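A.B. asks: what's the 3D shape of this:
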Amino acid sequence: MKVLVIGGAGYIGSHVVKALLKSGHSVTVFDNLSSGLRQNLFKQNDFIHGDILNPAQLDASFASGFDAFIHLAAFKAAGESMIEPEKYSLNNISGTINILNAAIKNNCKKMVFSSSAAIFGEPQYLPIDEKHPKNPENFYGFTKLDIEHYLEWYDKLRNLKYVALRYFNAAGYDPDGEIFGLEQNPANLLPVVMETACGMRKEMSIFGNDYDTRDGTCIRDYVHVSDLADAHVKALEYISDKNESLTVNLGSETGISVTEMIETARRITGKEIPAKYVGRRLGDPACLYATSAYAREKLGWIPKYSDIDTLISSTWQAYQKN
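C.D. replies: As a prediction, this is how the structure comes out:
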């Protein structure tokens, strides 16, 4: 298939591009490089330096003819979304509408969307499945849920077939070491652990150690980015074979605690990784993880790299290269 990957120079996007190329697809990356990196591009893929807020650029890109597209171009910092909702409305919602309209205009009606488990909010039960109530607690999560609603309507009215992939924390790096462009201004746990191991941070903070968990620290869902990339490829194959839309959760089903992440990183890196306990953060649930049973059933998706050792060792390899 000829696939347009919007946001394909980013952390997740570059891994998706690699998986697509490996599966024999023809790939063009569309990215404004606001957070993506040129070093994440592959020689085998074409590149368009464009912005989803520019409808003319999107129209011209889709006009060259694509069988399908993948949308990974949303802003994703939950905290920032609560401070700058206008920024997230414009990019995530208006930008997505621009993408959908350009795709439909040019008869490209197969889509994979990078959604988020942030649409669920505080868990009412675990593991979170697709039927879990949706009550996002940050504006970022709201934008993702809103986009899912747009997709449902574009399916009904314009026959756009899509797969929406909801996942929690993407982590790890390409096990082959071909992708090692680091995320800019990371906020997730594992990059913070790595920055502390490298000496970029003097120490890191652990927010709370009195939760009702196996070691008192928060438990979160981490899925290796290469496993997520594989899910995007399988999602494209699903649309091509079934010609129907689908929404699935992608999760580890068990989760990793903050303490487990740090202690394993100390063992793998051989670094001290200074850490101190501080107070809980407002709104942090004790546990947050999803089931992938439906994704296994519908997509045949089985994670290969999402064990804690591979998550940390592949990330450490990328940080050492930098």
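A.B. asks: Low-confidence stretches in the stretch 1-150 of the chain?
C.D. replies: Along the stretch 1-150 of the chain, no part satisfies pLDDT under 70.
A.B. asks: mind listing the helices in it by residue range?
C.D. replies: For the stretch 1-150 of the chain, applying DSSP state H, counting those that start in this stretch gives helices covering 11-22, 55-62, 78-83, 85-88, 95-105, 139-158.
A.B. asks: Export those helices to CSV and append columns for mean neighbour count and distance to Arg214.
C.D. replies: Every residue, glycine included, has its C-beta placed from N, CA and C. Converted to CSV, the helices of the stretch 1-150 of the chain look like this (neighbours: other Cβ atoms under 10 Å; distance: least, Cβ to Cβ, whole Å):
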stretch, mean neighbour count, distance to Arg214
helix 11-22, 24, 29
helix 55-62, 18, 47
helix 78-83, 15, 25
helix 85-88, 16, 35
helix 95-105, 20, 39
helix 139-158, 18, 27
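A.B. asks: Any idea which of these gets closest to Leu311?
C.D. replies: Nearest to Leu311 among those is helix 11-22 (13.3 Å), distances taken as Cβ to Cβ.
A.B. asks: what does stretch 208-219 rub up against?
C.D. replies: 206-207, 255-260, 277-281, 284-289 (Cβ atoms under 8 Å, 6 or more residues apart in numbering).
A.B. asks: circling back to that earlier point, show me the one of the helices of the stretch 1-150 of the chain that comes nearest Cys198.
C.D. replies: Across the helices of the stretch 1-150 of the chain, closest to Cys198 is helix 11-22 (Cβ to Cβ), at 17.5 Å.
A.B. asks: Which strands or helices does the closest one pack on?
C.D. replies: For helix 11-22, the elements it packs on are strand 2-6, strand 26-31, helix 225-242, judged by 3 or more Cβ pairs under 8 Å, 6 or more residues apart in numbering; DSSP states H and E.
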